[in-house]
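Trainee: Let me see the structure of the following:
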Amino acid sequence: MNQEQQVMEWIEDHQEEILEFLQQLIQIPSVNPWFFDEPGPSREKEVQEFISRKLESLGAETEMWEPNADDLKQYEGMAGYYPGRDFTGRPNLAATFGKGTPGKSLLLFGHIDVVMAGSKWTVDPFEGTIIDGNMYGRGTVDMKGGVAAMIMAVEAVLRSGLKLKGPVVVGTVVDEEAGGMGALDFIHHGYRADACILTEPTSLTIAPLCRGILWGKIRIQGRSGHIEMPQADWKDGGAVDAIKKARYILDAFDRLNEEWAVSKTHPYLSIPCQVHVAQLNAGEYPTSFANEAEIVFNAQYLPSERDEKLVGGNVKKELTDFLRQAALQDPWLSEHLPEIEWMVDADCAETDVAHPFVQTCVQSLQAIGETGTIEGLGFHTDMGWPVNVGIPTINFGPGDPSLAHHSDEFTPVHEVIQAVKMMAKTIIDWCGTEKA
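Mentor: Okay, here's the model as predicted:
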């Protein structure tokens, strides 16, 4: 029996242990404190300590530390930096196997924070219940399923009596769900590798890119007046309906989206970048025209559109200029220009599919009976900072990403096992192994 067969047999024989480890991660509700109205103790540290004990039992050298926003000021204006963010009791964790070995190194990377459970669950969101071949729970998809799989892949290799020829670093970080400062800090802390698998959910496809995301809020001014009464011309002091002016802007965005549907596409993305309106807020009384309207939107951008700080400044300028030009075509808006308040700029990244590491991952996936499909992710992940410092990175993990943050979030247990196999195979082929 060769080395690969030994490892695959170990995984087959220890499926219950793999799933139990994922359940144990789910049962520690490491909800990012950003989601609470009142700040309270986070259980992210509890998860990290649990993972650390697991990795140390396998012989890893571990390091755990709390990010410090003051130490990251040099990244102002770049992805993941938020001044003054508090990480007390919210540590990052790195565990290194095979330190000092001469082979190619691999970073297995993921975040351990989750969003709050929310309502309308039919099972306990923090139990990890298995029903009809699916494990339910907050984080099964995003992304404790991937974190469990990457850790168990390392265990499968080591427990099969193999020794690494190249280092493997397991990195688990906090704060992805509120902007990605944990990943920024991890890279700032100095951890590097020859390649990286970020174990976000991809339904077992290879995703060598993710899109950037901009959140913006447009404020449109009107002038209130009695909605049931005749109104003078606005130049003579009459009312101006901010909702009607918002509709004008929305129509302009529809025209822009038609252009973007042609110009902002990527061969590995199934849908083009668009400006999607997420919220409309306007009006004060049923008897008054709206004094102000607010449009909250989500716009996506491609890695090729990043600015000099590797974020979405170019697209921000494009949208700001577009809004101004649209407003100048309307007499009222040209004198009361709408303003954009930028809320979030979540970065993007891409690794060339021809890179040897991407092809190694495809071959690993095909070797365990999957198709080895390559497709991009339409949402943001933490892959930006590894790519920014020269680490070829893919996203790969179990679970359908469209189920992330849902009530009754679930991952097929078969995908968890397959993810363990794929990453174990990649460790063998990329880092190299020999009998201990």
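Trainee: Which parts of the stretch 201-350 of the chain are helices?
Mentor: Listed in chain order, the helices of the stretch 201-350 of the chain (DSSP state H, counting those that start in this stretch) span residues 242-263, 313-328, 331-335.
Trainee: out of the ones you listed, nearest to Val114?
Mentor: Nearest to Val114 among these is helix 313-328; the distance by Cβ to Cβ comes to 28.9 Å. Every C-beta, even on glycine, is put in place using the N, C-alpha and C of the backbone.
Trainee: distance between that closest one and the chain's centre?
Mentor: 26 Å (Cα atoms, centre = their mean, to the nearest Å).
Trainee: Then stretch 16-29?
Mentor: 21 Å.
Trainee: on that earlier part again, mean pLDDT for the helices of the stretch 201-350 of the chain - can I get that in JSON lines?
Mentor: Supplementary listing: the helices of the stretch 201-350 of the chain in JSON lines, determined by pLDDT from 0 to 100:
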{"stretch": "helix 242-263", "mean pLDDT": "98"}
{"stretch": "helix 313-328", "mean pLDDT": "98"}
{"stretch": "helix 331-335", "mean pLDDT": "96"}
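Trainee: how about those helices, which one is nearest Ala195?
Mentor: Closest to Ala195 of these, according to Cβ to Cβ: helix 313-328, at 28.5 Å.
Trainee: Show me what that closest one is in contact with.
Mentor: Helix 313-328 has contacts (Cβ atoms under 8 Å, 6 or more residues apart in numbering) with 212, 214, 216, 218, 248-249, 252, 256, 275, 299, 301, 305-307, 333-334, 337-338, 340, 342, 345.
Trainee: Next, the buried residues of it.
Mentor: Gly313, Val315, Lys316, Glu318, Leu319, Phe322, Leu323, Ala326, Ala327 (16 or more other Cβ atoms under 10 Å).
Trainee: One more: stretch 127-141?
Mentor: With burial defined by 16+ other Cβ under 10 Å, the residues of stretch 127-141 counted as buried are Gly128, Thr129, Ile130, Asn134, Met135, Tyr136, Gly137, Arg138, Gly139, Thr140, Val141.
Trainee: Relative to Asn68, which of these is nearest.
Mentor: Gly139 (25.9 Å).
Trainee: I'd say that closest one and Phe410 touch.
Mentor: No - at 10.8 Å, Gly139 does not count as touching Phe410 under the criterion of Cβ atoms under 8 Å.
Trainee: how close does the nearest residue to Tyr268 once chain neighbours are set aside sit to Pro208?
Mentor: Nearest residue to Tyr268, sequence neighbours excluded (Cβ to Cβ, 6 or more residues apart in numbering): Gly376, at 3.9 Å. Counting by Cβ to Cβ, to the nearest Å, the gap from Gly376 to Pro208 is 7 Å.
Trainee: before we move on, what about Trp10?
Mentor: Applying Cβ to Cβ, the value for Trp10 to Pro208 is 29 Å.
Trainee: Neighbour count for the two, which is higher?
Mentor: Ranked by neighbour count (other Cβ atoms under 10 Å), Trp10 and Pro208 place Pro208 first, with 27 against 21.
Trainee: give me phi/psi at the more buried one?
Mentor: Here is the backbone geometry of Pro208 (degrees, to the nearest 10): phi -90, psi 10.
Trainee: any idea how far the spatially closest residue to Leu108 that is not a sequence neighbour is from Ile51?
Mentor: Of all residues not flanking Leu108 in the chain, Met150 sits nearest, at 3.9 Å (Cβ to Cβ, 6+ apart). According to Cβ to Cβ, Met150 and Ile51 sit 11 Å apart.
Trainee: more crowded one of the two?
Mentor: Met150 (29 against 24).
Trainee: did I read that right, the more buried one in a strand?
Mentor: No - using DSSP: H, G, I helix; E, B strand; the rest coil, the assignment for Met150 is helix, not a strand.
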